[in-house]
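J.: Would you be able to build a 3D model of this:
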Amino acid sequence: MTTEIHTLVGAYVLDAVDDIERASFERHLRECDSCRTEVTELRETTAQLAHDTWSVPPPWLRENVMAEVSRTRQLPPNVPDAPAAPPVRTPSRWRRLTAVAAAVVAAAGTGTAVFVVQDQRVRDERAVAEAARLNEARVRAILSAPDVKLSEQAMSTGGRVTVATSQLHNAGVVMLAGEAAPAGRVYQLWTIRPGGDPQNAGVLREGQTAELVVVDGLPGATDVGVTIEPPNGSPAPTTPMVADVKLT
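T.: Numbers count the residues shown, from 1 in each chain. Okay, here's the model as predicted:
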């Protein structure tokens with residue numbers, strides 16, 4: 001029997017042999033302690049794929065593993081001259097076998113991770129879509145309320161700010177449509193109430209020139225202001241404001 005049959009260890013464990021190779025290798029296993037040990041160790045590694053966290057692997061998993069097996073050259077073990085001598089496994093061969101097993105586990109883990117990420121992405125997109133739908137419905141309700149009140153003012157930087165308030169909904173809609181803010185600056189919205197400090201009502205992104213915001217309790221405010229601030233906004237308005245819409 002030639003030593004080439006030893007190279008079938010990895011393929012045998014991964015069920016990548018034909019019927020003739022399987023029968024020959026299984027006969028060889030009855031005679032070779034070294035190969036039996038390696039088969040046992042590799043099976044223990046691949047058995048991790050049956051863990052409870054395993055999900056259906058992606059279609060490309062088997063193809064990738066088979067390609068990796070075909071590229072991985074396995075060296076024959078050191079066959080002892082005397083039966084009493086323990087089998088010796090060369091370090092390079094063991095590293096190659098370990099690499100094949102690691103490739104299987106890594107590929108399976110990747111498939112599970114991809115599934116989890118995609119599933120979470122779908123959930124996130126559905127949540128965003130639902131929030132947008134609810135927000136749009138609320139905007140329509142406020143704008144069509146029988147007691148809606150409109151106030152507006154031009155912005156000193158160009159554009160306008162329009163505010164719609166409804167006592168029935170105890171809320172309002174702030175609509176900003178302006179020119180671009182200076183480089184490195186953003187627009188920030190504020191609500192001003194009697195006896196209180198201005199409250200942040202929203203910070204636009206750099207380059208953003210339009211925004212629509214629903215503000216709860218807006219009928220109780222006296223003003224809606226717009227300022228130019230550093231990115232991410234400021235804790236208090238930077239004066240002078242570029243717009244100050246009077247609500248009363």
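
J.: Which pLDDT value belongs to residue 73?
T.: Here, the pLDDT recorded for residue 73 equals 55.

J.: For this protein, which residues score under the pLDDT cut-off?
T.: For the chain, the stretches with pLDDT under 70 are 1-4, 14, 44-119.

J.: now do 50
T.: For the chain, the stretches with pLDDT under 50 are 1-3, 49-56, 84, 88-94, 97, 115.

J.: Mind jotting down where the helices sit in it?
T.: Along the chain, counting by DSSP state H, helices occupy 9-13, 19-29, 33-46, 60-71, 91-143.

J.: domain parsing for the chain?
T.: Listed by automatic domain parsing, the domain ranges of the chain are 3-117, 149-246.

J.: what's around the nearest residue to residue 145 once chain neighbours are set aside, how many residues?
T.: Excluding its sequence neighbours, the residue lying closest to residue 145 (Cβ to Cβ, 6 or more residues apart in numbering) is residue 166, at 3.9 Å. Glycine gets a C-beta too; all of them are placed from N, C-alpha and C. By the measure other Cβ atoms under 10 Å, the count of residues near residue 166 is 20.

J.: got it, and residue 203?
T.: The tally of other residues near residue 203 (other Cβ under 10 Å) stands at 17.

J.: Please report how far it lies from residue 238.
T.: Residue 203 is 12 Å from residue 238, where distance means Cβ to Cβ, to the nearest Å.

J.: Can you give me the neighbour number for the residue nearest to residue 180 when sequence neighbours are not counted?
T.: Distance criterion Cβ to Cβ, 6+ apart; nearest residue to residue 180, sequence neighbours excluded, is residue 209 at 5.6 Å. By the measure other Cβ under 10 Å, the count of residues near residue 209 is 16.

J.: unless I'm mixing things up, residue 209 is touching residue 179, no?
T.: Yes - Residue 209 is within contact range of residue 179, at 6.4 Å (criterion: Cβ atoms under 8 Å).

J.: any residues in contact with both of the two?
T.: Here residue 209 and residue 179 have residue 159 as joint contacts, going by Cβ atoms under 8 Å, 6 or more residues apart in numbering.

J.: Please tell me how far residue 121 sits from residue 127.
T.: On the measure of Cβ to Cβ, residue 121 and residue 127 end up 11 Å apart.

J.: Then residue 159?
T.: According to Cβ to Cβ, residue 159 and residue 127 sit 32 Å apart.

J.: Looking at the two, which has the bigger crowd around it?
T.: Using other Cβ under 10 Å as the criterion, residue 159 and residue 127 rank with residue 159 on top: 18 against 10.

J.: Enumerate the beta-bridge partners assigned to the more buried one.
T.: Judged by DSSP bridges, the bridge partners of residue 159 are residue 178.

J.: For burial, what's the neighbour tally of residue 37?
T.: Residue 37: 14 neighbours (other Cβ under 10 Å).

J.: Residue 176 too?
T.: When neighbours are defined as other Cβ under 10 Å, residue 176 has 23 of them.

J.: swap in residue 244?
T.: 20.

J.: mind checking how far the closest residue to it other than its chain neighbours is from residue 140?
T.: With Cβ to Cβ, 6+ apart as the criterion, residue 244 has its nearest non-adjacent residue at 5.0 Å, and that residue is residue 225. Per Cβ to Cβ, residue 225 is found 26 Å from residue 140.

J.: same deal with residue 22?
T.: Relative to residue 140, and taking Cβ to Cβ, residue 22 is found at 69 Å.

J.: for residue 185, same thing?
T.: For residue 185, the distance to residue 140 equals 32 Å [Cβ to Cβ].

J.: what's the answer for residue 209, then?
T.: Shown here: residue 209 relative to residue 140, a distance of 23 Å by Cβ to Cβ.

J.: now residue 130
T.: According to Cβ to Cβ, residue 130 and residue 140 sit 16 Å apart.

J.: Lovely, talk soon.
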